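A.B. asks: give me a 3D structure for the following:
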Amino acid sequence: MRRRDFIAALGGAAAWPVAASAQQRSMASIGFLGLGTLEEAHRRLEAIRPGLAESGYVEGQNLSVHFRCADFHSERLAVMATELTQIPVGAIIAPSGPSVSAARTATPSIPIIFFTGFDPVENGFVASLNRPGGNVTGVFLLEPALNVKRLEVLHELVPAVKSVAGLFSPTNIPSDETFYSQFRTAAATLGIELRIQMVVDPSEFEETFKALVRDHVGAILVSGHTVFYNNLNQLVALMARHAIPAVYGIREYPEAGALCSYGTNYSAAFRQVGGYAGRVLRGEKPADLPVQQVTKIELVINLKTARTLGLTIPPALIARADEVIE
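C.D. replies: Numbers count the residues shown, from 1 in each chain. Alright, predicted model coming up:
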């Protein structure tokens, strides 16, 4: 080998670690702190990816994603949040109220992007919607108000039913008691006897339904909690087996055979989460990004399921529906 070629080869070899190091530094990372299962977290990420792509971040190219999922054991979230801070990640996506609380406790500096149905101001996640302050911002679904509207929709679907169960899962969020009080007041106004039924784990579904049937509950409202969405097919099957009309918060339920949903388009909302995650990875401050409120609400009715249940859906309700599944 000629001397000049030998020197060039040495120069290339010396430059390779520098180039590799630069490429490694350009790889951004985010953490996903989920209350539910890893499977559910991956489904959520599918909806988040388009928002990240808007800022130029693509998993496997210039972005790595680190999942920590508690399998509905909320007491694990604190340790998992700390693990994400120690990687460290450039941002944490927290798609539930308990996840937000755990992430905020774990870090006052790493940006946290939430997706929650709980009022982020009332629960202390942010200082205000327009000026969040600190290291937290995200997307707010107005879930408490939506649950009241779902109860009204359920009353329109089955006006003769006077005993309704609301399926919820404990969150230990400060605003819970206020919500449950308002929810009971709304039920009383409609002449409904309301039963708040708490479910922590999907293994409780079978016994919960047996108890509701035994107590002659005539209809069910299912909250948007992860424990229900993550086990959507099991829940819809139980409703069908016991022939109980129910209203849900997400269109995926009636698409899977449930009666009705009234709520947010989660895919669109999670895209917004991805958009904010991408912006903070590029250097924007969560304190300067106003909390986004999802205001587009969808009513979806499955007429096939209604016929199976022997229900006649009021024409006015069908006219208001964004989609009717035949």
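A.B. asks: how far away from the center of its chain is the strand or helix carrying residue 82?
C.D. replies: If you go by DSSP states H and E, residue 82 is part of helix 77-86. How far helix 77-86 lies from its chain's middle: 19 Å, per Cα atoms, centre = their mean, to the nearest Å.
A.B. asks: for it, packing partners?
C.D. replies: strand 28-34, strand 63-69, helix 97-106 (3 or more Cβ pairs under 8 Å, 6 or more residues apart in numbering; DSSP states H and E). Quick note: C-beta positions are derived from backbone N, CA and C, even for glycine.
A.B. asks: what about the ones you listed, which gets the closest to residue 89?
C.D. replies: Across the helices and strands packed on helix 77-86, residue 89 has its closest neighbour in strand 28-34 (4.0 Å, Cβ to Cβ).
A.B. asks: what does that closest one contact?
C.D. replies: 40-41, 44-45, 57, 62-70, 77, 80-81, 84, 87-96, 99, 102-103, 226, 277, 281 (Cβ atoms under 8 Å, 6 or more residues apart in numbering).
A.B. asks: hang on, isn't residue 40 packed against residue 229?
C.D. replies: Yes: when contacts are counted by Cβ atoms under 8 Å, residue 40 is listed as touching residue 229 (7.4 Å).
A.B. asks: please enumerate the helices of this protein.
C.D. replies: 3-25, 38-54, 77-86, 97-106, 143-157, 176-189, 205-214, 226-229, 232-242, 252-255, 266-281, 303-308, 315-320 (DSSP state H).
A.B. asks: any residues touching the second one, and which ones?
C.D. replies: Surrounding helix 38-54, the residues in contact under the criterion Cβ under 8 Å, 6+ apart are 32, 34, 58-59, 63, 65, 67, 69, 93, 95, 226, 229-230, 266-267, 270-278.
A.B. asks: with just CA atoms, put it into PDB.
C.D. replies: Output in PDB follows, covering the C-alpha atoms of helix 38-54 (Å, rounded to 0.1, in the frame of the first residue of the first chain):
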ATOM      1  CA  LEU A  38     -47.500  -3.300  27.000                       C
ATOM      2  CA  GLU A  39     -49.800  -4.400  24.300                       C
ATOM      3  CA  GLU A  40     -52.100  -1.500  24.900                       C
ATOM      4  CA  ALA A  41     -49.100   0.900  25.000                       C
ATOM      5  CA  HIS A  42     -48.000  -0.300  21.600                       C
ATOM      6  CA  ARG A  43     -51.500   0.400  20.200                       C
ATOM      7  CA  ARG A  44     -51.400   3.900  21.700                       C
ATOM      8  CA  LEU A  45     -48.000   4.500  20.100                       C
ATOM      9  CA  GLU A  46     -49.500   3.700  16.700                       C
ATOM     10  CA  ALA A  47     -51.800   6.800  17.100                       C
ATOM     11  CA  ILE A  48     -48.900   8.900  18.500                       C
ATOM     12  CA  ARG A  49     -46.500   8.200  15.700                       C
ATOM     13  CA  PRO A  50     -48.000  10.600  13.100                       C
ATOM     14  CA  GLY A  51     -47.700  13.500  15.500                       C
ATOM     15  CA  LEU A  52     -44.100  12.700  16.200                       C
ATOM     16  CA  ALA A  53     -43.500  12.400  12.400                       C
ATOM     17  CA  GLU A  54     -44.700  16.000  12.000                       C
END
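A.B. asks: off-centre distance for it?
C.D. replies: Mean C-alpha position of helix 38-54 versus that of the full chain (Cα atoms, centre = their mean) differs by 11 Å.
A.B. asks: measure the closest residue in space to residue 129 that isn't next to it in sequence to residue 251 for me?
C.D. replies: Closest residue to residue 129 apart from its sequence neighbours, by Cβ to Cβ, 6 or more residues apart in numbering: residue 291 at 4.4 Å. Distance of residue 291 to residue 251, given as Cβ to Cβ, to the nearest Å: 23 Å.
A.B. asks: next one: residue 121
C.D. replies: 28 Å.
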